[in-house]
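Colleague: Predicted model, plus sequence, below.
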Amino acid sequence: HSEKLNSGNVDAMLSSLDGVLIAPGFGQRGIEGKFIALKYAREHDIPTFGVCLGMQCMVIEYARDVLGYTDANSTEMDVTTKHNVIDLMEEQKSTTIKGGTMRLGAYDCKLDKNSLAYRIYGSEMISERHRHRYEFNNAYLERMEAAGLKATGKNPDTGLVEIVEVP
C-alpha cells in the first residue's frame, strides 16, 4: 500500500517481490509512496507495471531521478511545476465542465516491435480503454528517450504516449 511505504521500509516491503504494480488513482493520496516504490524497483531491476496514474508516476520519477528535474510533476498535482512531464491534454485545457469530459473509451495504440509490450500482446496494433485528462507531455519525449525511457506505445492518430518502458 503506497500510503504506508517510505524510504525506511521500502527494502523490507519490496525486495522479495517478483514485480510491482503501481495502481491508478487521483490526486496526492499515496503518491510519495508510489515514487519511492518506482525508484526502488527501477534501481533493483524489479519489473514494474504502471497503470494510468501509475504510468504517469513512472514518468515523473524518471524525470526527477534520472534527468535531474527535481521539481518534475504533473500539472494535476502542481500547476506551477517548471517541468510538467505530465500535463493536461490540450483538448482539456479549454474545458470548464468536468463531468463526462475525460478521455473515455478505447483508443488505438501502435506498439514498437522491439518492446516488451509487443512481445506480450503479440500484435503491433492494440486498443486500450482510457479514463483520464492528463498525458505524457511530448515536449519531454526526446530528452526522456535519450536518457533511456522509451515510449513504446503511441496513439497513431494523436501521437499521445500510451506505454513507456525502461529496458
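Modeller: It's in. Residues are numbered from 1 along each chain as shown.
Colleague: all contacts plus neighbour counts: C-alpha atoms, from now on.
Modeller: OK.
Colleague: Residue 110 touches residue 151, doesn't it?
Modeller: No: between residue 110 and residue 151 there is no contact under Cα atoms under 8 Å: 10.5 Å.
Colleague: which stretches of the protein form helices?
Modeller: Under the criterion DSSP state H, helices of the chain are mapped to 10-14, 31-43, 53-65, 116-121, 141-146.
Colleague: just these: most buried one?
Modeller: Mean neighbours per residue, mean count of other Cα atoms under 10 Å, is largest over the helices of the chain for helix 53-65, with a mean of 23.
Colleague: Identify the residue spatially nearest to residue 145, adjacent ones excluded.
Modeller: Closest residue to residue 145 apart from its sequence neighbours, by Cα to Cα, 6 or more residues apart in numbering: residue 151 at 7.3 Å.
Colleague: hey, what's the one you found bridged with?
Modeller: Beta bridges link residue 151 to residue 164, judged by DSSP bridges.
Colleague: give me the number of residues near residue 88?
Modeller: Other residues lying near residue 88 total 18 when counted by other Cα atoms under 10 Å.
Colleague: Between the helices of the chain, which one is closest to residue 2.
Modeller: helix 31-43 (4.4 Å; Cα to Cα).
Colleague: ok, residue 127 touching residue 109?
Modeller: Yes: Residue 127 lies in contact with residue 109 (Cα under 8 Å); the separation is 5.7 Å.
Colleague: Same drill for those two, tell me which one is more crowded.
Modeller: Higher neighbour count among residue 127 and residue 109: residue 109, with 23 against 12, using other Cα under 10 Å.
Colleague: how many neighbours does the spatially closest residue to that one that is not a sequence neighbour have?
Modeller: Nearest residue to residue 109, sequence neighbours excluded (Cα to Cα, 6+ apart): residue 155, at 4.5 Å. The number of residues packed near residue 155 is 18, by other Cα under 10 Å.
Colleague: thought residue 155 was touching residue 107?
Modeller: Yes: the criterion here is Cα under 8 Å, and residue 155 meets it with residue 107 at 7.2 Å.
Colleague: before we move on, back to that, how deep is the residue nearest to residue 145 tucked in, by neighbour count?
Modeller: For residue 151, using other Cα under 10 Å, the count is 22.
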